[in-house]
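J.: Generate coordinates for the sequence data below:
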Amino acid sequence: MDLYEELVRLRRAGQKCALATIVQVNGSIPSYQSAKLLVRQDGSMLGTIGGGCVEAEVWNAAREVIETEKPRYMDFSLSQDAAYENGLICGGQLHVYIEPVIPQPQAYIFGAGHVSKSLAKAASLAGFSVIVIDDREQFANRERFPTADEVVVGDYEQVLDGFPVGPQTYIVLVTRAHTWDVVSLRRVIRRPAAYIGMIGSRRRVFAVFKLLHDEGVPLEDIARVHAPIGLDIETETPAEIAISIAAEIIKVRRGGGAPSLSDHVRERYLRALQKGERDIA
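T.: Residues are numbered from 1 along each chain as shown. Coordinates of the predicted model:
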């Protein structure tokens, strides 16, 4: 299997990996400068930088690089006693650079209204691949969303069933009606997205949560949803709301600590659902 083809395949599949490269060599080593080792997220490998203890240490470091998404530089000095590889005595030095290979995160924006129009621009600027979905062609078009990577016109259920969802997927539900929120959230709430956010007032959000919980959706799945959506920055206009949503998905992606609107009400929602309450104050 070709290492570069596998790297491309992993990125397209939304899977992280790490690529270790010998960037400098002094003296004799059991490999060569530019040799590469690809380490997948599950720990499996492709390629080699010479095997032995060095490769084992690089493998361990690569797992950390995948987790932290931060590159690492490692130096090794091989003693002649410890570096006997393939019948050769090796006593040189090598320098290995390990870089994370991170798939571009994808922002699926369901709904093509005023908030979505500004959100598509903000998410694109933040480095997300943006896909806008709506069932109305007069809203979901290139004229309204020139910065989006893809604009899809179609039924929400069918589109959601056909799109891959993984750890690099950020789903934003800003549809025009309560009905479409339910339809969309029902399709994604149990899928392994990095982020699921839904717009709406506290009562509207709770009504959606209650309906799904009554259908058998576990509380731990409901707790994953960021709703009301966005950071707590006192927004008013559609553009301000869009910025707060973009900031929240960046927060989730980078592990930030800014408070979200959903942080204030999540426990209240869950308690109300456990008690069987029909409404929330």
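J.: dump the residue contacts of residue 247.
T.: 230, 231, 233, 258 (C-beta atoms under 8 Å, 6 or more residues apart in numbering). For every residue, glycine as well, the C-beta is placed using N, CA and C.
J.: Any quick PyMOL command for the buried ones out of those residues?
T.: In PyMOL, a selection of the buried entries from the contacts of residue 247 looks like this (16 or more other C-beta atoms under 10 Å):
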select buried, resi 230+231
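J.: phi, psi of residue 100?
T.: With angles defined as degrees, to the nearest 10, residue 100 sits at phi -80, psi 140.
J.: cool, and residue 36?
T.: Main-chain torsions, residue 36, degrees, to the nearest 10: phi -130, psi 150.
J.: So for stretch 227-240, what gets flagged as buried?
T.: By neighbour count with 16+ other C-beta under 10 Å, stretch 227-240 contains the buried residues 227, 228, 229, 230, 231, 235, 238, 239.
J.: So which of those residues are in strands?
T.: Among the buried residues of stretch 227-240, no member is found in strands (DSSP state E).
J.: and of these, the nearest to residue 6?
T.: Nearest to residue 6, judged by C-beta to C-beta, of the buried residues of stretch 227-240 is residue 229 at 36.7 Å.
J.: And that closest one, how far from residue 126?
T.: Computed with C-beta to C-beta, to the nearest Å, the distance linking residue 229 and residue 126 is 16 Å.
J.: From the buried residues of stretch 227-240, pick the one nearest residue 92.
T.: residue 231 (52.0 Å).
J.: who touches the closest one in this structure?
T.: For residue 231, the contact set (C-beta under 8 Å, 6+ apart) comprises 244, 247, 248, 251, 258, 259, 260, 261.
J.: Now, of these, which are buried?
T.: Buried by 16+ other C-beta under 10 Å: 244, 247, 248, 251, 260, 261, out of the contacts of residue 231.
J.: what domains does the record give for this structure?
T.: What automatic domain parsing lists as the domains of the chain is 3-101, 106-275.
J.: Let's have these in a markdown table, adding mean pLDDT.
T.: Shown next, in a markdown table, are those (pLDDT from 0 to 100):
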| stretch | mean pLDDT |
| --- | --- |
| domain 3-101 | 88 |
| domain 106-275 | 93 |
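J.: Just name the most buried of those.
T.: Neighbour counts (mean count of other C-beta atoms under 10 Å) averaged over each of these peak at domain 106-275, with a mean of 18.
J.: So what does the residue nearest the centre of the chain have for phi and psi?
T.: Centroid check for the chain by C-alpha atoms, centre = their mean gives residue 168 as the closest residue, at 2.3 Å. Torsion angles at residue 168 (phi, psi; degrees, to the nearest 10) stand at phi -110, psi 20.
J.: For the one helix or strand residue 20 maps to, list the C-alpha coordinates in PDB.
T.: Using DSSP states H and E, residue 20 sits in strand 17-26. Extracted as PDB, the C-alpha positions of strand 17-26 are listed here (Å, rounded to 0.1, in the frame of the first residue of the first chain):
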ATOM      1  CA  CYS A  17      -2.900  10.400  11.700                       C
ATOM      2  CA  ALA A  18       0.700  11.300  12.200                       C
ATOM      3  CA  LEU A  19       3.600  11.300   9.800                       C
ATOM      4  CA  ALA A  20       7.100  10.700  11.100                       C
ATOM      5  CA  THR A  21      10.000  11.700   8.800                       C
ATOM      6  CA  ILE A  22      13.700  11.300   9.300                       C
ATOM      7  CA  VAL A  23      14.800  14.900   8.500                       C
ATOM      8  CA  GLN A  24      18.500  14.700   9.200                       C
ATOM      9  CA  VAL A  25      21.100  11.900   9.500                       C
ATOM     10  CA  ASN A  26      24.700  11.900  10.800                       C
END
